[in-house]
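Q: pasting the sequence and the predicted coordinates here, then a few questions.
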Amino acid sequence: MSDLKPGWTRVKFGDVARQVKERVDPETSGLERFVAGEHMDTDDLRIRSWGEIGAGYLGPAFHARFRPGHVLYGSRRTYLRKVALADFDGVCANTTFVLESADPSVLLPALLPFVMQTDGFHAHSKRESKGSVNPYVNFSDLAWYEFTLPSMEDQVRLTSLLTAATATVNAARAARDEAERLRRSYLVSLFRPARGSRDVFPAHWEVLAVREAGDVQLGQQRHPSFESGSNVRPYLRVANVMDGWLDVSNVLSMHFPRDAMSKFQLRAGDILLNEGQSIELVGRSCIYRGEITGACFQKTLIRFRCGPRLLPEFVQAFFQHMLYSGQFAKVAVQTTSIAHLTAVRFAQLLLPAPPLDEQRRILEELRRQERARDVIDVHEREIKSLTRKAVNMLGIVRDVH
């Protein structure tokens, strides 16, 4: 190709990278860790969590051995862009490809994960995936992906720059996580654990049962007969309620009887809590701020509407404390893999109601901590964005499709 730099060549992925197929029995291998799909994060090369071999049942698919320096690639639902660089020994399922440079003198091993992070590689993988419910890609589908490979000198230079940028991203994420840890510690220490007694909070704080402090309402049960009708409204589910914020990227609709709208239509300032969720997430909450006009909510959520003695932000901070300290998990009813907070149990919980000026002071301190966390978060995203632009635009790998 006439537009190639000197020393740059056009290659197929399968000519410069290969799949490692070392099999082991995890129970007798002496290995301690396994990595599953949920342990790999989108657009994050670092493996930040893992499972312990022997701590529970590990299916027969977990027999693929990986070593430090190997690249792990999630071959299921490749649109999730899960590429990770192993920094420890372990085992993964055969649906996670273990890859390495076929010849380090041709493709620098440290550059391989960055090649696989390019938009061109992900677009190819997604395009070649098969199946609709749980789409997957074979290594043979990846092998014929074509791209332009830099000279070894450029590979060394660019890998050094990208590695430094990745280290900066990891440092920013660690700082952000520490800021969030401090915020949570503040919340946990601010509200002493509720033990069912009214004297666990400062003496000058009023303490009320949740049902006395505001209005509690469980959402509308979803039913096929409500999927069409004259009063179709957007409704919120567990999937929309994050920890402190509302995700409106995927909001469904259904019919709500007009005579039930006073019960199920949300107002700005209403607090939504997950009623049915995994045990560690039951009670996760956020404030509805009118993001979607006329929104209602499903039975998997509890709506709490504050009375005049409470500020919604203060109450939601207390609910976060209940989540982080495990108080919601303790009172929830466990059914199979789902825990239910239940509106009845929730209504009986104790809720502190300090004077309004004290609530405002507490909220100002929380906002200060959140601002510090969010500044770091913005910094991390900016570095990630610049790194991604470098991968895709500054000549590391130029897609030739």
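A: Received, thanks.

Q: start to end distance for stretch 211-222?
A: End-to-end distance of stretch 211-222: 25 Å, with Cα to Cα, to the nearest Å as the criterion.

Q: what average pLDDT does that stretch get?
A: Confidence for stretch 211-222, expressed as mean pLDDT, is 91.

Q: again with stretch 386-401
A: 54.

Q: quick one, helices of the chain?
A: In the chain, the segments counted as helices under DSSP state H are 13-16, 112-115, 119-128, 139-143, 152-190, 210-213, 261-264, 312-324, 327-331, 343-348, 356-393.

Q: weakest of those in terms of mean pLDDT?
A: helix 356-393 (a mean of 83).

Q: relative to helix 312-324, how tilted is it?
A: Relative orientation of helix 356-393 versus helix 312-324 (axes from the mean of the first three to the mean of the last three Cα atoms, to 10 degrees): 70 degrees.

Q: could you list the buried residues of helix 356-393?
A: For helix 356-393, burial by neighbour count (16 or more other Cβ atoms under 10 Å) applies to 359, 362, 366, 369, 372-373, 376-377, 379-380, 383-384, 387, 390-392. (Each C-beta comes from the backbone N, C-alpha and C, glycine too.)

Q: pLDDT score for the residue nearest to Ser49 when sequence neighbours are not counted?
A: The shortest distance from Ser49 to any non-neighbouring residue, by Cβ to Cβ, 6 or more residues apart in numbering, is to His39 (4.9 Å). The score at His39 is 94. That number is its pLDDT.

Q: roughly how far apart are His39 and Trp50?
A: 5 Å (Cβ to Cβ, to the nearest Å).

Q: same deal with Phe34?
A: 6 Å.

Q: tell me which of the two has more neighbours.
A: Shown here are Phe34 and Trp50; by other Cβ atoms under 10 Å, Phe34 has more neighbours (21 against 16).

Q: with adjacent residues omitted, what lies nearest to Asp141?
A: In space, and not counting its chain neighbours, Asp141 is closest to Glu128: 3.9 Å by Cβ to Cβ, 6+ apart.

Q: let me see the contact set for that neighbour.
A: By Cβ atoms under 8 Å, 6 or more residues apart in numbering, the contact list for Glu128 reads Val137, Asp141, Leu142.

Q: returning to what we had before: need the winner for burial among the helices of the chain.
A: Highest mean neighbour count among the helices of the chain (mean count of other Cβ atoms under 10 Å): helix 112-115, with a mean of 24.

Q: between the helices of the chain, which one is nearest to Gln220?
A: helix 261-264 (5.0 Å; Cβ to Cβ).

Q: okay, that closest one in CSV with CA atoms only?
A: C-alpha atoms of helix 261-264 as CSV (Å, rounded to 0.1, in the frame of the first residue of the first chain):
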residue,chain,number,x,y,z
MET,A,261,-52.3,7.4,38.6
SER,A,262,-52.4,9.2,42.0
LYS,A,263,-50.7,6.1,43.4
PHE,A,264,-48.1,5.3,40.7
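
Q: distance from the chain centre to stretch 160-180, please.
A: 17 Å (Cα atoms, centre = their mean, to the nearest Å).

Q: wait, doesn't Val248 sit right on Gly290?
A: No - between Val248 and Gly290 there is no contact under Cβ atoms under 8 Å: 11.0 Å.

Q: re the thing from before, let's have the helices of the chain in a markdown table, adding distance to Glu27.
A: What follows is these, written out as a markdown table (distance: least, Cβ to Cβ, whole Å):
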| stretch | distance to Glu27 |
| --- | --- |
| helix 13-16 | 33 |
| helix 112-115 | 29 |
| helix 119-128 | 32 |
| helix 139-143 | 26 |
| helix 152-190 | 32 |
| helix 210-213 | 48 |
| helix 261-264 | 51 |
| helix 312-324 | 35 |
| helix 327-331 | 31 |
| helix 343-348 | 41 |
| helix 356-393 | 38 |
